[in-house]
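J.: Provided below are the primary sequence and the corresponding predicted coordinates.
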Amino acid sequence: MSPSSQAISTAEGMIDAPLLYKGKVRELYDLGEHYLIVVSDRISAFDYVLDPAVPDKGNVLNRLSAYWFELTTHLIDNHVIHTDIDQLQHIIKPQYRELLKNRIMVTRKAERIDIECVVRGYITGGGWRQYQQGGEINGIPLPAGLRKNDKLETPIFTPAAKNDVGHDEDISFEVMVDMVGLAVAEELRSQSIMLYQYASSYCEERGIILADCKLEFGLIDGKVILIDEIFTPDASRFWAREQYALDVEIDSMDKEPVRAYLATSDWDKQSKPDPLPAHVVEETTARYRDIYARLTGAHI
């Protein structure tokens, strides 16, 4: 295994820059004028960060985000400055440069808009559960008689209010307007749907269904730009076309091996699970590498 394929649970101690924020997967460092985002190999499920970390997960997430950011620059501006480890020799300790290669992104500092911009092209997951209860999703009424995993006639925008602790909260568009104003809300909705449609068409050409996605935006000098991550397995629901079916739980192309293992284990769901078995970790790494290869044509 090459150094860059080893699992990284944290970059703390590898970088000479202040750590501003440590999420479940990403770490944010302050470079003064810019941010440094490091994507670790940590994996979470059911609100717990699990052990061990999954080799190449952060590698795939960061490279796939960079790939999509570049693909969509003609549609909307984004926060990326570069992903070149060689430009960070002054702050990344030499012994860790190969390890962090492909897991870093230097970005502009944007003011985050605290809305998770979710677009759904298919009725599944939490959207399906909402529909079963009231025939609507986030206040958007849908036709009667839809089946689980049905393709929607047109994609719908179903935002959530971001919570740094706990779950994000599904909200209606009207509540979003109260939070950010009508002009910003309408721009986020139109940009999100446009980006979903672009990525969905791209995925279709590669035998993949983009069932839904979540996007994040920020402001720089009052201009809305795309931030965080984009169309990765952690921020999107990808289905292999050959797996598509109605009325079933489709095996998504992400950390599904971890979820499936935990769901069938004797874990009490009240405390952190025991370390994942090696075969689950290996299968999860393979999943992330596979979606990267199918989307980009390159291999990790």
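T.: In hand now; what should we look at?
J.: skip the chain neighbours and tell me the closest residue to Ala293.
T.: His299 (5.1 Å; CB to CB, 6 or more residues apart in numbering). Glycine gets a C-beta too; all of them are placed from N, C-alpha and C.
J.: dump the residue contacts of that neighbour.
T.: Applying CB atoms under 8 Å, 6 or more residues apart in numbering, we find His299 in contact with Arg289, Tyr292, Ala293.
J.: any of those residues buried? List them.
T.: Buried subset of the contacts of His299 (neighbour count, 16 or more other CB atoms under 10 Å): Arg289, Tyr292.
J.: ok, the contacts of His299 vs Arg112, which is closest?
T.: Nearest to Arg112 among the contacts of His299: Tyr292, at 26.3 Å, using CB to CB.
J.: just put the contacts of His299 in CSV and tack on secondary structure, pLDDT and distance to Thr154.
T.: Below are the contacts of His299 laid out as CSV (DSSP: H, G, I helix; E, B strand; the rest coil; pLDDT from 0 to 100; distance: CB to CB, whole Å):
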residue, secondary structure, pLDDT, distance to Thr154
Arg289, helix, 96, 33
Tyr292, helix, 97, 29
Ala293, helix, 97, 31
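J.: surely Pro155 touches Tyr122?
T.: No. Using CB atoms under 8 Å, Pro155 is not in contact with Tyr122; the gap is 9.0 Å.
J.: neighbour count: the two, which is higher?
T.: More crowded of Pro155 and Tyr122, by other CB atoms under 10 Å: Tyr122, with 23 against 20.
J.: quick check: phi and psi on the more buried one?
T.: Dihedral pair for Tyr122: phi -130, psi 150, per degrees, to the nearest 10.
J.: is it bridged to anything, and to what?
T.: When bridges are called by DSSP bridges, Tyr122 pairs up with Lys151.
J.: contacting residues for it?
T.: Going by CB under 8 Å, 6+ apart, the list of residues near Tyr122 reads Asn149, Asp150, Lys151, Leu152, Ile209, Ala211, Asp212.
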